[in-house]
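J.: Structural data only, the sequence is not supplied:
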């Protein structure tokens, strides 16, 4: 696991400057599962605590820990499963 060496506000500033529309913090309860779904926006995120499994386009799930990043393009099918501690990530969204 990699330590996060910047704040949410710093992440927000960088992502808004890069053209993203909004930045928010998302926290998930332990053992939450989200079946395959899509979003109408690009999501570019960094995990800040806990871990999750992410499967994109039916591929084998990858395990993401604090410090790991992920990007899901708008309308891409994906599924999420959160660990026994839950997880929190910061996410920038672009419509």
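T.: Nice, thanks for sending it over. Bear in mind the structure is a predicted one, so any value in this text is a computation, not a measurement. Residues are numbered from 1 along each chain as shown.
J.: Looking at the residue nearest to residue 75 when sequence neighbours are not counted now. What's its pLDDT?
T.: Nearest-residue entry for residue 75: residue 38, 5.0 Å, with adjacent residues in sequence omitted and distances by C-beta to C-beta, 6 or more residues apart in numbering. Quick note: C-beta positions are derived from backbone N, CA and C, even for glycine. Residue 38 is assigned a pLDDT of 98 by the prediction.
J.: Can you report phi and psi for residue 38?
T.: phi -130, psi 170 (degrees, to the nearest 10).
J.: in which helix or strand would I find residue 35?
T.: strand 33-37 (DSSP states H and E).
J.: Just checking: what are the partner strands of that strand?
T.: Sheet pairing for strand 33-37, assigned by DSSP bridges, gives strand 78-94 (antiparallel).
J.: Report the buried residues of the strand it pairs with.
T.: Judged by neighbour count (16 or more other C-beta atoms under 10 Å), strand 78-94 contains these buried residues: 78, 80-83, 86-93.
J.: again with stretch 44-54
T.: 44, 45, 46, 47, 48, 50, 51, 52, 53, 54.
J.: before we move on, what about stretch 16-30?
T.: Those would be 20, 23, 28, for stretch 16-30 by 16+ other C-beta under 10 Å.
J.: check contacts around the residue nearest the centre of the chain.
T.: In the chain, the residue lying closest to the centroid (C-alpha atoms, centre = their mean) is residue 45, at 4.1 Å. Residues near residue 45 by C-beta atoms under 8 Å, 6 or more residues apart in numbering: 26, 69, 70, 71, 89, 90, 91, 92.
J.: any idea where the helices of the chain begin and end?
T.: 8-17 (DSSP state H).
J.: where in it is pLDDT low?
T.: 1-3 (pLDDT under 70).
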